[in-house]
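Participant: predicted structure and sequence below. I'll ask about it afterward.
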Amino acid sequence: MNKLGLLGKITLFTFIFLIAVSAASAKGRKYGLFVGINAYGGEINPLKGCVNDATKMREAMITKFGFMPDDTTLLTDAAATREAIMGNLQKYQTLAGPGDLFVFHYSGHGTLFPDSYSEEQDETKLIYMEDTNDKGEVEVLYERGTYDSAIVPVNAMERSGKPWRSLILDDELYAILGAITRKGAQVVLISDSCHSGTIDKAKRSGAQRRETPLVRVFGVRRYSDLDFGKPASKAGRTSLPPAKGLYISMSGSKDDEYSLDATIGGVPMGLFTNRILASIPATAAQRVTMTYAQLMTKVSSAVSMQAIKWERNQNPQLNADFGNPAAPIFTVPGFK
């Protein structure tokens with residue numbers, strides 16, 4: 001009688017377990033790629049808080065949003081090459097399927113690359129920027145023109161056969177992340193980096209910018225010395241757009257601002273990532289009701305106020321042109 005009772009309990013437990021696994025699978029899997037680069041080389045100045053950003057963001061996704069550690073990848077410093085970042089993005093493009101979630105968090109330097117030399121001619125906003133160097137001299141960082149935003153891998157200065165060397169252009173991210181959404185998966189891109197900026201006041205504020213001029217990536221002294229090689233054919237955008245409702249982008253600052261790297265509460269971090277983590281509700285019940293719009297409203301206000309105290313301007317941006325800003329944060333599509 002006791003043996004039959006034990007067997008029944010085991011059978012019941014197994015049945016419940018299988019139902020739970022099936023339900024979890026039905027809700028979709030959560031994947032994440034987290035990149036943080038402090039230790040740049042060459043002319044690119046090092047940063048302090050990016051590795052902490054990536055590590056802490058990954059921990060938050062695992063402990064607060066149910067990501068499985070094996071479904072995430074952390075790339076820091078020397079491991080965060082163009083090849084590793086692109087390879088992992090392509091891996092998750094293959095793995096992610098209908099009903100899944102993919103989060104890509106990047107923390108490091110950002111820059112701009114002339115759109116006329118990229119493979120897709122799709123930029124419309126004219127940008128011109130000057131800055132002062134260490135000697136107090138004004139230098140041209142970006143001549144008037146249209147530019148692709150770019151993230152800066154640790155080996156960005158290496159030649160790759162492309163005019164942009166080993167940078168990763170927004171066009172390349174758009175192609176991969178858009179393809180993931182078209183499979184029916186939710187994509188969330190978080191970039192704690194600069195795409196351009198204003199006059200640097202880092203020495204006065206104690207905060208360092210996360211933007212590196214293109215001249216430093218290419219190892220020249222002046223913008224006029226840049227040689228991109230033969231321009232790509234002037235074709236319009238060829239990448240298909242993301243699936244409607246499945247693409248959310250959160251960036252640390254406007255196109256004409258810097259994202260700040262500082263010591264906050266004794267810990268080096270990006271101001272944007274720090275405020276995201278601080279704004280995530282403490283309880284699960286609160287987390288499942290917070291939307292991306294609510295999160296970014298809270299984060300943007302906190303970042304902007306702190307930046308003003310540091311005599312800087314930084315205003316995080318939410319891009320939901322192809323997404324649903326009313327969706328609960330870091331949930332799979334259709335979550336209720």
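Facilitator: Perfect, thanks for sending it. Numbering: from 1, shown residues only.
Participant: what about K56, helix or strand, and which?
Facilitator: K56 belongs to helix 50-65 when assigned by DSSP states H and E.
Participant: so which elements touch that helix?
Facilitator: Packing partners of helix 50-65 (3 or more CB pairs under 8 Å, 6 or more residues apart in numbering; DSSP states H and E): strand 30-36, strand 72-76, strand 101-107, strand 186-192, strand 267-270, helix 271-279, helix 284-287. Using the backbone N, CA and C atoms, a C-beta is placed for each residue, glycine as well.
Participant: next one: the fifth one to chain centre, how far?
Facilitator: The reference is to strand 267-270. 16 Å (CA atoms, centre = their mean, to the nearest Å).
Participant: out of the helices and strands packed on helix 50-65, which gets nearest to A302?
Facilitator: Closest of the helices and strands packed on helix 50-65 to A302 is helix 271-279, at 4.5 Å (criterion: CB to CB).
Participant: for that closest one, buried residues please.
Facilitator: For helix 271-279, a neighbour-count test (16 or more other CB atoms under 10 Å) marks 271-277, 279 as buried.
Participant: let's have these in a markdown table, adding distance to V138 and pLDDT.
Facilitator: A markdown table is the format used below for the buried residues of helix 271-279 (distance: CB to CB, whole Å; pLDDT from 0 to 100):
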| residue | distance to V138 | pLDDT |
| --- | --- | --- |
| L271 | 26 | 96 |
| F272 | 28 | 96 |
| T273 | 31 | 97 |
| N274 | 32 | 97 |
| R275 | 32 | 98 |
| I276 | 34 | 98 |
| L277 | 37 | 98 |
| S279 | 37 | 98 |
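Participant: can you give me the strands in the protein?
Facilitator: Ranges of strands in the chain, per DSSP state E, are 30-36, 72-76, 101-107, 110-114, 126-132, 138-151, 168-169, 186-192, 208-209, 247-251, 260-264, 267-270, 317-319.
Participant: now do the contacts for Y40.
Facilitator: 46-47, 108-109, 152, 154, 212 (CB atoms under 8 Å, 6 or more residues apart in numbering).
Participant: tell me the buried residues in the helix holding K56?
Facilitator: Buried-residue list, helix 50-65, by 16+ other CB under 10 Å: 50-54, 56-62, 64-65.
Participant: per-residue pLDDT, S253?
Facilitator: Here the pLDDT value assigned to S253 is 87.
Participant: got phi/psi on it?
Facilitator: Listed backbone geometry of S253 is phi -160, psi 170, with angles given as degrees, to the nearest 10.
Participant: burial count for it?
Facilitator: S253 has 32 neighbours, counted by other CB atoms under 10 Å.
Participant: might one say that it is in contact with S259?
Facilitator: Yes. If you go by CB atoms under 8 Å, S253 and S259 touch, sitting 4.6 Å apart.
Participant: now the common contact residues for these two.
Facilitator: Counting by CB under 8 Å, 6+ apart, the residues touching both S253 and S259 are 194, 272, 314.
Participant: one step back: what would the helices and strands packed on helix 50-65 look like in CSV with distance to E130?
Facilitator: Listed next are the helices and strands packed on helix 50-65 as CSV, based on distance: least, CB to CB, whole Å:
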stretch, distance to E130
strand 30-36, 29
strand 72-76, 33
strand 101-107, 26
strand 186-192, 24
strand 267-270, 25
helix 271-279, 24
helix 284-287, 43
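Participant: tell me how many other residues crowd Q317.
Facilitator: Q317: 15 surrounding residues under other CB under 10 Å.
Participant: circling back: for the contacts of Y40, pick the one with the most neighbours.
Facilitator: G108 (32 neighbours).
Participant: so what's that one up against?
Facilitator: So G108 contacts 35-38, 40, 47, 50, 80, 151-153, 192-193, 210 (CB under 8 Å, 6+ apart).
Participant: and F330, how far from T73?
Facilitator: With the distance defined as CB to CB, to the nearest Å, F330 ends up 17 Å from T73.
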